[in-house]
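1. build me a model from this:
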Amino acid sequence: MRILSLSHRLTGQLVDNHHIFNAPTVADYKAIVVDVGGVANTIQNAVDSSESYSTFADLPVINGTPADGVTGIAASLKRRSLEFTAALEGGAVIIIFAHPPMAISGVSGFQGLDRYFFLPAPTGLSWDEHLLQGGAGTTFSISEPEHPTVDLLETYRRTLLYRCFFDERTTGFAGNARVIARSEGGLPIAAEFSVLNGRIIFLPPPRDAGSSIVSDESKVMVETFRALLGNIEEYPPVWAAKVDIPGLSELTQEQELRRAAFDQAATDLTNIDSALSDLARIREVLWRTGDLGLGAAVIRCAELIGFKATESARETPLLNDGNRDLHYVIAGAEEAVGMGPHYRLRARLDQIIDSELRVPRGLIVANGQRLTRPEERQRDLSESLVIAAESVGYAVVNARSLFDAAIAVLNGLSDEKQALLRDRLFEVDGVVDFTDLLLEPQHSTNKDVSITNTAT
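-> Just a heads-up that it's a prediction; the model follows:
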């Protein structure tokens, strides 16, 4: 057993210390430690060019498109995400020193990047700001005295500084989490989750995680992984394999066949999990808010009606339908969406007009009254926002309309009607209504998924 530690310095012959760019293939390890705060800092340093980095194969890392002799930050990080998934599929245990979710900006070609980009989650959960809440404290109590990580927590009890906690009210937390430790006030700050065929264990970090080596922590970390993985670290002599046992050969062959079938089943399950997450994200456009949560749902719905999500030269989000760009801003609110997104979009459009001497097309996707049942929403857009869109000349589409359009595509909406949906976003100044375009008969049995768009 070897331990891969990313941005958390440990000692010992069994430990491989690396950063996110120069580490070997993550999937080659069963025991992995990650300080997500340190990883995020490394990525930001690479983006800012305040430090230079190379891969394990000595390829320089640049913030751009990979080419001969160099690789891109985005390409490296996307590869890491696949490697962490493969590691968990292979039964790895990953210890995460937790920090609150936070966007990482400036990575060319990687929109929506955040601190937990690399880490798969149990079905129905996301490592986002709804589950992981920012907070700080220095004391804790153990909830699971028999858990193998308890001794590890005790090694830095006096220097602990937790940065976040889990919101137990989040749907799916209770059914997936095994709480290991809580703050003095009872908030979960350490928990274990089963993900794919492996385990992810979130721990609060030491106050100065990564800046100094704590020898006691390093020794206990090795023992912790041995307990978690059930690894005795003792290997038979060469001659032992030649000692014949009746039936052993046949069972070995059967094991190989079963393992191959299991691997195929795991691959199939991963594909199903991915497809399920992809579809479930469409529904999130009706209730999420924020650039990360609502943004991912908006992009998925837009992709279904024929757009491609990309970025401008200024690294601001765009929707492109092949020949035309939409500069968009998203906003969610528990009441009507006000003028906030208007000011953000107007500033972005004015910059383009000033620097490029052209008039770009703008769009606001608004998820007003987001906690109200969609069919009961009566005033999800403020009157001032509607008037501003009509006078300035950009489109506003509410989340219900975008959801209904996406569902219509899944139910077989024609390519011609999809093109008209896109055209309307480019041509209508003010609130865009798709109702007339979604009335054609559908051929799928899944007709009651869509939500009828009501007047704003």
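2. would you enumerate the residues in contact with the nearest residue to D151 once chain neighbours are set aside?
-> Of all residues not flanking D151 in the chain, V220 sits nearest, at 5.3 Å (Cβ to Cβ, 6 or more residues apart in numbering). To be clear about C-beta, it is placed using only N, CA and C from the backbone, and glycine gets the same treatment. By Cβ atoms under 8 Å, 6 or more residues apart in numbering, the contact set of V220 is D151, L152, T155.
3. what secondary structure does V220 sit in?
-> Taking DSSP: H, G, I helix; E, B strand; the rest coil as the rule, one finds V220 in the helix state.
4. can you list the weak-confidence ranges in this structure?
-> Where the chain drops to pLDDT under 70, the residues are 209-215, 231-238, 440-456.
5. at the geometric centre of it, which residue sits there?
-> F117 (4.4 Å; Cα atoms, centre = their mean).
6. kindly list the longest helix within this structure.
-> Using DSSP state H, we find that the single longest helix of the chain is helix 248-284.
7. can you report how many residues lie near V386?
-> Neighbours of V386 under the rule other Cβ atoms under 10 Å: 16.
8. unless I misread the structure, it falls within a strand.
-> No: applying three-state DSSP, one finds V386 to be helix, outside a strand.
9. doesn't V396 make contact with it?
-> Yes: proximity of V386 to V396 meets the contact threshold set by Cβ atoms under 8 Å, at 6.8 Å.
10. so what sits against both of these two?
-> G430, V431.
11. so the residue nearest to the centre of the chain makes contact with L77?
-> Yes: applying Cβ under 8 Å, one finds F117 in contact with L77, separated by 6.5 Å.
12. tell me, what's touching these two both at once?
-> By Cβ under 8 Å, 6+ apart, the residues touching both F117 and L77 are F110.
13. for V93, see how far away T42 is.
-> 23 Å (Cβ to Cβ, to the nearest Å).
14. those two - which one has more neighbours?
-> With neighbours defined as other Cβ under 10 Å, T42 and V93 compare such that V93 has more, 24 against 19.
15. tell me which element L319 is part of?
-> In this structure, L319 sits in strand 317-320 according to DSSP states H and E.
16. so what does that strand touch, helix or strand wise?
-> strand 308-311, strand 325-332 (3 or more Cβ pairs under 8 Å, 6 or more residues apart in numbering; DSSP states H and E).
17. out of those, which one sits most buried?
-> Stretch with highest mean neighbour count among the helices and strands packed on strand 317-320: strand 325-332 (a mean of 23; mean count of other Cβ atoms under 10 Å).
18. what residues are up against the closest residue to A103 other than its chain neighbours?
-> Distance criterion Cβ to Cβ, 6+ apart; nearest residue to A103, sequence neighbours excluded, is D114 at 5.2 Å. Under the criterion of Cβ under 8 Å, 6+ apart, the contact list for D114 reads P101, M102, A103, I104, D128, L292.
19. so which of those residues wins on neighbours?
-> The most crowded member of the contacts of D114, judged by other Cβ under 10 Å, is P101 (21 neighbours).
20. hang on, the earlier thing: could you dump the helices and strands packed on strand 317-320 into TSV with distance to S382 added?
-> Putting the helices and strands packed on strand 317-320 into TSV (distance: least, Cβ to Cβ, whole Å) gives the following:
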stretch	distance to S382
strand 308-311	27
strand 325-332	11
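21. out of these, flag the one nearest P122.
-> strand 325-332 (24.5 Å; Cβ to Cβ).
22. next secondary structure after the closest one?
-> Going down the chain from strand 325-332, the next helix or strand is helix 340-356, by DSSP H and E.
23. check which residues of that following helix are buried.
-> Buried residues in helix 340-356, counting neighbours by 16 or more other Cβ atoms under 10 Å, are found at P341, H342, L345, R346, R348, L349, I352.
24. what's the answer for stretch 262-273, then?
-> Quick answer for stretch 262-273 (16+ other Cβ under 10 Å): T270, D273.
25. CA atoms only: put that stretch into PDB for me.
-> Extracted in PDB, the C-alpha atoms of stretch 262-273 (Å, rounded to 0.1, in the frame of the first residue of the first chain):
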ATOM      1  CA  PHE A 262     -18.300  -7.200 -12.100                       C
ATOM      2  CA  ASP A 263     -16.100  -4.700 -13.800                       C
ATOM      3  CA  GLN A 264     -18.500  -4.500 -16.700                       C
ATOM      4  CA  ALA A 265     -21.500  -4.100 -14.300                       C
ATOM      5  CA  ALA A 266     -19.600  -1.300 -12.500                       C
ATOM      6  CA  THR A 267     -19.000   0.400 -15.900                       C
ATOM      7  CA  ASP A 268     -22.600   0.100 -16.800                       C
ATOM      8  CA  LEU A 269     -23.700   1.500 -13.400                       C
ATOM      9  CA  THR A 270     -21.300   4.400 -13.800                       C
ATOM     10  CA  ASN A 271     -22.900   5.200 -17.200                       C
ATOM     11  CA  ILE A 272     -26.300   5.000 -15.700                       C
ATOM     12  CA  ASP A 273     -25.300   7.200 -12.800                       C
END
